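Student: Sequence and predicted model, in that order:
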Amino acid sequence: MFKQLTIVIAALCASLAVPMGAQAAATIERGPIEVVLRFGSATDGFELSPNMLQLETGKPYKLVITNPSSTTHYITAPEFAAAVSTRKVEITGGNVERKRFLRTKLGIPRRLPVIGEIELRAGGKAEWYFTGNDAGRFPIECGIPAHAQAGMVGMIIMD
Ligand SMILES: [Cu+2]
């Protein structure tokens, strides 16, 4: 009986003593943190929902941006794009097109192209995989004239 208990305790200790490497691997296996952002609404409202995202530097994210409206919207967040390392942008539905421009347009020394705008047509969905590098407050809005003024503005806060 006593020997059996010792074995159980030993097994329990072994299961608790997970090496750091294994923990890191488990974090990667769980994948990026998914955050959902809606551009426009099903009733064609000019809004971002939510209009504020709180993220942390150094963590991998999958930002899922949907456009349930009947019109095209442009996801425009150049300062944010320059502050993250983009792994990929996957675009599905709505016949969507990715647009890019260089850091030089922001007065940032040219290193790599960053995502300037993502054209998100009606019913489209974009999945933006990135890791945040720089802390700050970054505006995100619709780049189509008058849409931002009508309310399609938001803020991404990276701590
Ligand atoms: Cu728009």
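Tutor: Yes, it's here. Numbering: from 1, shown residues only.
Student: Any stretches of this structure with poor pLDDT?
Tutor: Applying pLDDT under 70 to the chain picks out residues 1-29, 94-113.
Student: quick one: residue 65 is in a strand?
Tutor: Yes - under DSSP: H, G, I helix; E, B strand; the rest coil, residue 65 sits within a strand.
Student: From what I see, it and residue 39 are in contact.
Tutor: Yes - contact criterion CB atoms under 8 Å: residue 65 and residue 39 qualify, at 5.7 Å. No exception for glycine: its C-beta is placed from N, CA and C like everyone else's.
Student: Enumerate the residues of the protein near the ion.
Tutor: Where the chain comes near the ion, counting by CB under 5 Å from the ion, the residues are 73, 142, 144, 147.
Student: again, only using 8 Å
Tutor: Taking CB under 8 Å from the ion as the criterion, the neighbours of the ion within the chain are 39-40, 46, 71-74, 142-144, 147-148, 152.
Student: so residue 141 makes contact with residue 77?
Tutor: Yes - contact criterion CB under 8 Å: residue 141 and residue 77 qualify, at 7.4 Å.
Student: if you count what's nearby, which of residue 65 and residue 39 comes out ahead?
Tutor: residue 39 (28 against 22; other CB atoms under 10 Å).
Student: bridging residues for the more buried one?
Tutor: residue 48 (DSSP bridges).
Student: Contacts only, for it.
Tutor: With contact taken as CB atoms under 8 Å, 6 or more residues apart in numbering, residue 39 is in contact with 48, 65-67, 69, 73, 75, 120, 142, 152.
Student: please redo it, this time with the cut-off set to 6 Å
Tutor: Going by CB atoms under 6 Å, 6 or more residues apart in numbering, residue 39 touches 65, 67, 73, 120.
Student: again, but for residue 128
Tutor: So residue 128 contacts 63, 89 (CB under 6 Å, 6+ apart).
Student: Where does it sit: helix, strand or coil?
Tutor: Assignment for residue 128 (three-state DSSP): strand.
Student: could we number from 598 for the rest of this?
Tutor: Will do, 598 is the new start, and the previous item becomes residue 725.
Student: sorry, back to before: so can I have a markdown table of the contacts of residue 636 showing distance to residue 652?
Tutor: Below are the contacts of residue 636 laid out as a markdown table (distance: CB to CB, whole Å):
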| residue | distance to residue 652 |
| --- | --- |
| 662 | 14 |
| 664 | 21 |
| 670 | 21 |
| 717 | 20 |
